[in-house]
Each structure stands twice: as C-alpha cells, then as structure tokens.
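S.K.: coords below, sequence missing:
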Ligand SMILES: NC(=O)c1ccc[n+]([C@@H]2O[C@H](COP(=O)([O-])OP(=O)(O)OC[C@H]3O[C@@H](n4cnc5c(N)ncnc54)[C@H](O)[C@@H]3O)[C@@H](O)[C@H]2O)c1
Ligand SMILES: O=c1ccn([C@@H]2O[C@H](COP(=O)(O)OP(=O)(O)O[C@H]3O[C@H](CO)[C@@H](O)[C@H](O)[C@H]3O)[C@@H](O)[C@H]2O)c(=O)[nH]1
C-alpha cells in the first residue's frame, strides 16, 4: 500500500515506519522534525513539512496519492499542555483538521489515528475498556477527545471514510536492533527520565506523589513495548482495509507497575543505584491506568511479544547509551 505517515520521524512513528517498511509498503513520512529526527526514518521517503502548511499538504497528497494515512504528529506532554493549552489545541486539533481536509480533497479513505489513555481521565473502573466515559483531566487528553469526536462525525457523514483510533497506554522501550528509540535531549517520561538519571544527566529522579490510593502509594501505569504497539498498527491497518470498519481500540498489556516498581527494575537493569527523591504529586496524573485490550486481541489477533518490564527497560537502556553517544557526536 501507499501510506502517508505524519510524525513518522518521532518515537512511535519511527517504530511503526520500521514495521511497515519491513512488510514492503510504499511510505511517505511527513514530519516537521520539531521533536523527530531524519535519521530515525529507516524506510520510505521523508518530506520535511508542517501540518499547518495546507498548500504543502495538498502538493504531497496530490503527488503521492496515499491509500491510507497514519497520523502520529502531535504535541505529547501532559504537563506542558496544562501550561500551554493553546499550543496543544492548535497542533493536535487545528493541524489535524488541516490533514483531514486535505484527505477529503484527495479522497483518502483510511486513517489510523494515535489516541491515548489520557482520554479517560480518572476512570471509574480498572482495567479500562473502550466503553468507559471520556473525561480528560488535562488539555492534552482533551485535544485527543476532540479529534475522536471529529473523526466519529466525519465517518457518520461520509460513507467511504473509515478509521481506527488506537488509544495507547504508556509506550516504552526501543527497537531491539538498537537503531531507534525515544530521542529527546530532555525527558519527561518516567522510564527515560530514570535511565537518563542513571546515566548522570540528572542528579536525581523525582517520584511524583507517594500518597495515591495504590498498594505502595505511587501511580500505576500499563507499559507497552513500542514494537508491540507497532505490530498493533500493522494489524489495525489490515483490519481496516479488509473489513472497512471504523473501530476504537485500547493498546496495553492489561497489567501495571507502580513508579517504585519501575525504579527498582531500572536500577536492576542498569546496575546503578541512582538517587531518588519523593516529591509532591504532578498536576494532571491519574492514580492508575490499566488497559483492557481484549478488543484489539479479538478483532486483529494481536498478541504481545515483549510483555516483560525488564526487557522493555533493557532495550530503552541500550538505546539511551547509544543516543548519549550520538548527542556527543561519537556515533
Ligand atoms: N509516547 C506515549 O507514551 C504516547 C502515549 C499515547 C499516545 N501517544 C501519541 O502518539 C503519537 C506519537 O507520539 P510520540 O511519543 O512518538 O511523540 P514524538 O514527539 O516523538 O513524535 C511526534 C512527531 O510528530 C512531529 N510533529 C509534531 N507536530 C508536527 C506538525 N505540526 N507537523 C509535522 N510534524 C509534526 C514531530 O517532529 C515528531 O516527529 C502522538 O499523537 C501522541 O499523542 C503517545
Ligand atoms: O520523573 C518522573 C516522571 C514520571 N513520574 C510518574 O510516572 C508515571 C508515568 O508518567 P509518564 O511516563 O510521564 O507518563 P504519563 O504521564 O502516564 O503519560 C504517558 O502515557 C499516557 C497514556 O497513559 C500518554 O497519553 C502520554 O502521552 C504519555 O506521556 C506518572 O505517575 C508520573 O507522575 C515520576 O514519578 N517521575
């Protein structure tokens, strides 16, 4: 298939591009490189472009004529979205509308959309299935709910438009071949932040809140390896093209780890007893998020291959060491 991948030079997009490329698809990656990297695009052609640039989008869709779009490009940090809501609504909503407009003009009918567990806010039961109400507690989650609403309405209005929204839980780990991984000079995600602390980039790791209603008082998350998530995209795309059915599916393993448990495994994998301090809660954090992904499994046959926190953190650590050398110009 000819597939346009927005945000394909970023962390998750680059792993999905790798998986699609291995299957021989014809790929065009559209990315402004604001947080992505040209070297992370292992397959296909990279077009450095901005979603706000509607003329450029038109030219690209006209020339490439994609049969499907995978839309990863977004701003992704929960805490930043609380401080800068307008920037989040502009990039995640207004710029996504530009893409959908262009897709309509060029009759592109299939879309895989990157949604998030943040749409659920503080869910009323665990694990979280797709039928639970959407009550985002930060602008990032709200921007994704808005886009899910827009997609639903377009699919209702246009008979030949269909999409799958994948709601990712906490994505972590890196390519087992150690070619790509999460590549930000600064880190906000727990696992990457812990590994950069082990590596000496930060003096200590903060544990945000120890008074949550969880067994050890710290937040619990469902960490999914990025290559398993990439496989979920391949399967979702096949399902979409074969059945023509619009769906929304959670992506996670169905069990979680507390912040303290993640820190313990990070220390074990790195063999470094890095300093940890317990601090106040971080704004916008729900106590627990665990996916019920039985729909994804049932409809697409997806099965996790890397459901092992130690493996996830080991691949992230191998990548972190390589990325540090890359930053220092040693690779
Ligand atoms: N990382 C997670 O744990 C997680 C969890 C749930 C959902 N998601 C979603 O997955 C998607 C990918 O996230 P990621 O972790 O790979 O983030 P990322 O920042 O690594 O990737 C985003 C990519 O989009 C590009 N981009 C951003 N704005 C753009 C614009 N206006 N025009 C063109 N390109 C633009 C960036 O340069 C980058 O390459 C996002 O939609 C995010 O909301 C991520
Ligand atoms: O230095 C740190 C960083 C994080 N945490 C905690 O670790 C947990 C996980 O935090 P983080 O890795 O930042 O991920 P989330 O805030 O859970 O959000 C991620 O996972 C969501 C889906 O669950 C996605 O929507 C978001 O895009 C993605 O950033 C939270 O309880 C944080 O408070 C710390 O204690 N110290």
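M.R.: The structure has been received and is ready for your questions. Being a predicted model, the structure only gives us computed values, none of them experimental. Numbers count the residues shown, from 1 in each chain. Ligands and ions are numbered 1, 2, ... in the order given.
S.K.: Please enumerate the helices of the stretch 1-150 of the chain.
M.R.: In the stretch 1-150 of the chain, the segments counted as helices under DSSP state H, counting those that start in this stretch are 11-22, 54-64, 78-83, 85-89, 95-105, 139-157.
S.K.: Relative to residue 28, which of these is closest?
M.R.: Of all these, the one in closest proximity to residue 28, counting by CB to CB, is helix 54-64 (4.8 Å). C-betas here are computed from N, CA, C, even on glycine.
S.K.: List of residues touching that closest one?
M.R.: For helix 54-64, the external contacting residues (CB atoms under 8 Å, 6 or more residues apart in numbering) are 2, 4, 28, 30, 47, 49-51, 98-99, 101-103, 105-106, 108.
S.K.: And that helix, what's buried?
M.R.: Neighbour-count burial for helix 54-64, counted by 16 or more other CB atoms under 10 Å, picks out 54, 56, 57, 60, 61, 64.
S.K.: Next one: residue 137 from ligand 1, what distance?
M.R.: Distance, residue 137 to ligand 1, by CB to the nearest ligand atom, to the nearest Å: 15 Å.
S.K.: Return the residues of the stretch 1-150 of the chain in contact with ligand 1.
M.R.: 7, 9-13, 31-36, 50-52, 72-74, 76, 91, 95, 114, 116 (CB under 6 Å from any ligand atom).
S.K.: could you flag which of those are buried?
M.R.: 7, 9-13, 31-32, 35-36, 50-51, 72-74, 76, 91, 95, 114, 116.
S.K.: Which members of these occur in strands, if any?
M.R.: 31, 114, 116 (DSSP state E).
S.K.: For residue 134, see how far away the last one is.
M.R.: The gap separating residue 116 from residue 134 is 11 Å, by CB to CB, to the nearest Å.
S.K.: ends of stretch 200-213, how far apart?
M.R.: Stretch 200-213 has an end-to-end distance of 32 Å (CA to CA, to the nearest Å).
S.K.: ugh, typo on my part, it should be stretch 10-30
M.R.: Across stretch 10-30, the terminal residues are separated by 11 Å (CA to CA).
S.K.: ok, back up a step: can you redo the buried residues of helix 54-64 as CSV with distance to residue 204?
M.R.: Written out in CSV, the entries for these read as follows (distance: CB to CB, whole Å):
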residue, distance to residue 204
54, 45
56, 44
57, 44
60, 45
61, 48
64, 47
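S.K.: Using CSV, please lay out those together with pLDDT.
M.R.: Putting the buried residues of helix 54-64 into CSV (pLDDT from 0 to 100) gives the following:
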residue, pLDDT
54, 97
56, 98
57, 98
60, 98
61, 98
64, 98
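S.K.: if we take those, which one ends up nearest to ligand 2?
M.R.: Proximity of these to ligand 2, judged by CB to the nearest ligand atom, is greatest for residue 57, which lies at 24.2 Å.
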